[in-house]
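# Pasting the sequence and the predicted coordinates here, then a few questions.
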Amino acid sequence: MDFTIHQQVLLWVFVIALVVGAVGQKTRFCTMGAVSDWVNMGHTGRMRAWVFAMAIALAGVIVLEAAGLARLSTDTFPPYRSASFSWLRYLAGGLTFGIGMTLASGCGNRTLVRIGGGNVKSLTVLAVAALCAYLMLWTPVYEKAFLPWVQATSIDLARHGMASQEVGAILAGMFGFEASPAAKLGVAGVAAVAMLAWVFKSRDFTGDFDHILGGAVVGLAVVAGWYLTAGPMGQAWKEYAEMATEIPSRVQAQSFTFISPMGDSVRYLMDPARLSLVNFGVVALAGVILGALLHALAAKDFRVERFFSWGDFGNHVLGGALMGTGGVLAMGCTIGQGVTGISTFALGSILTFFAIVIGAVLTMKYQYWRMLREA
């Protein structure tokens with residue numbers, strides 16, 4: 001049987017995801033933990049690791065685009081650089097996801113890694129988040145409950161002379177200069193250098209190699225995803241899909257994100273004979289879980305962790321529901337928007353990142369206040 005270009009792309013995605021899962025298990029890379037360390041202990045090591053992943057991903061995309069090795073237009077999945085700037089969608093979705101990941105003890109990526117390490121709580125979070133993501137993606141829920149106000153509050157940047165919501169294109173439109181590729185890459189380059197300078201400024205980050213390793217692997221994985229799907233192999237992949245008898249799911253330029261793939265996984269599991277539903281995201285989810293499991297077993301770090309109370313169970317169920325709903329609404333999670341989206345230097349991704357952090361911070365502050373009140 002021929003090994004098609006579609007299967008090659010999915011195999012590469014699976015291998016990269018295995019590495020992400022294994023390294024995530026080893027380094028405890030966690031975006032929710034990054035916010036928690038910063039808020040509760042004043043330690044910025046994991047926060048800087050997250051920003052390091054962003055900087056690596058952004059710098060990688062700059063290199064890919066400058067060298068002509070990848071082309072990220074406005075029709076990626078999700079459409080990060082879309083000229084439709086749905087500011088309220090990013091804010092509401094980001095806040096909702098930030099609250100949810102705090103209640104659920106981890107973001108989408110961390111949930112998958114924790115499952116590989118034996119965490120039953122995270123398995124419950126995945127089930128609930130996946131169901132809610134499925135409802136948002138593949139039923140009328142989003143169309144009826146969210147689309148009307150999303151459309152009403154969206155700004156068409158093209159009407160204001162901005163071809164996309166990439167920060168370079170927005171600045172060009174605002175100040176009336178030509179949005180040339182070189183100028184846009186230059187603006188993104190300045191941002192990447194500034195992030196790297198902040199990251200390496202503190203011993204909180206440089207003093208722990210796991211922070212460097214975790215951030216680097218996540219950032220490079222995002223770059224690899226873009227190269228696979230938006231480069232020469234990606235073009236061949238799209239041509240294959242156009243000629244296929246049954247068109248494979250989500251054959252678009254994309255990289256790693258973990259909430260919409262949860263919904264896609266539910267869709268596939270409802271009809272497992274349709275292998276065309278096995279896409280980039282579905283394979284990535286499986287790869288991260290398996291990678292974390294293999295590392296946990298090899299390091300003898302596999303531990304079954306269960307709920308300690310009904311209240312704990314309720315928090316994780318609610319957190320999973322908010323993650324699945326908010327993640328789809330925001331068009332990404334702390335990796336999907338917070339790293340992959342920011343690698344495109346899209347304003348919506350930056351807005352979503354801050355909204356997620358604010359949602360998480362407010363939830364942690366509330367939890368601390370409630371704990372003091374009940375003490």
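Received the coordinates, thanks. Numbers count the residues shown, from 1 in each chain.
# helices or strands up against the strand or helix carrying residue 195?
Assigning secondary structure by DSSP states H and E places residue 195 in helix 181-199. Under the contact criterion of 3 or more Cβ pairs under 8 Å, 6 or more residues apart in numbering; DSSP states H and E, helix 181-199 touches helix 45-66, helix 167-175. Any C-beta I mention is one placed from the backbone N, CA and C, and that applies to glycine too.
# Relative to residue 312, which of those is closest?
helix 45-66 (22.9 Å; Cβ to Cβ).
# how about the host helix or strand of residue 222: buried residues?
Using DSSP H and E, residue 222 falls within helix 209-230. Buried positions in helix 209-230, judged by neighbour count with 16 or more other Cβ atoms under 10 Å: 211-212, 214-230.
# Which helix in this structure has the most residues?
The helix that spans the most residues within the chain, counting by DSSP state H, is helix 347-374.
# State the distance from residue 361 to residue 2.
Distance, residue 361 to residue 2, by Cβ to Cβ, to the nearest Å: 51 Å.
# And residue 67, by the same measure?
Distance from residue 67 to residue 2, by Cβ to Cβ: 31 Å.
# quick one: which of these two has more around it?
residue 67 (9 against 5; other Cβ atoms under 10 Å).
# Please name the nearest non-neighbouring residue to residue 47.
Nearest residue to residue 47 in three dimensions, chain neighbours excluded: residue 34, at 4.2 Å (Cβ to Cβ, 6 or more residues apart in numbering).
# where does the residue nearest to the spatial centre of the chain land on pLDDT?
Nearest residue to the geometric centre of the chain (Cα atoms, centre = their mean): residue 336, 1.7 Å. Residue 336 is assigned a pLDDT of 97 by the prediction.
# Give the other helices and strands that the helix or strand where residue 136 lies contacts.
Taking DSSP H and E as the criterion, residue 136 maps to helix 120-138. Helices and strands touching helix 120-138, by 3+ Cβ pairs under 8 Å, 6+ apart, are helix 108-116, helix 260-269, helix 310-329.
# Adding distance to residue 293, write the ones you listed out as CSV.
CSV is the format used below for the helices and strands packed on helix 120-138 (distance: least, Cβ to Cβ, whole Å):
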stretch, distance to residue 293
helix 108-116, 4
helix 260-269, 17
helix 310-329, 20
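# out of these, nearest to residue 195?
That would be helix 108-116 among the helices and strands packed on helix 120-138, by Cβ to Cβ, at 19.5 Å.
# show me what contacts residue 116?
With contact set as Cβ atoms under 8 Å, 6 or more residues apart in numbering, residue 116 has these partners: 21, 25, 288, 289, 290, 291, 292, 293, 294, 295, 296.
# now do residue 184
Taking Cβ under 8 Å, 6+ apart, one finds 166, 168, 169, 172, 345 in contact with residue 184.
# Before I go, just wanted to say thanks for your time.
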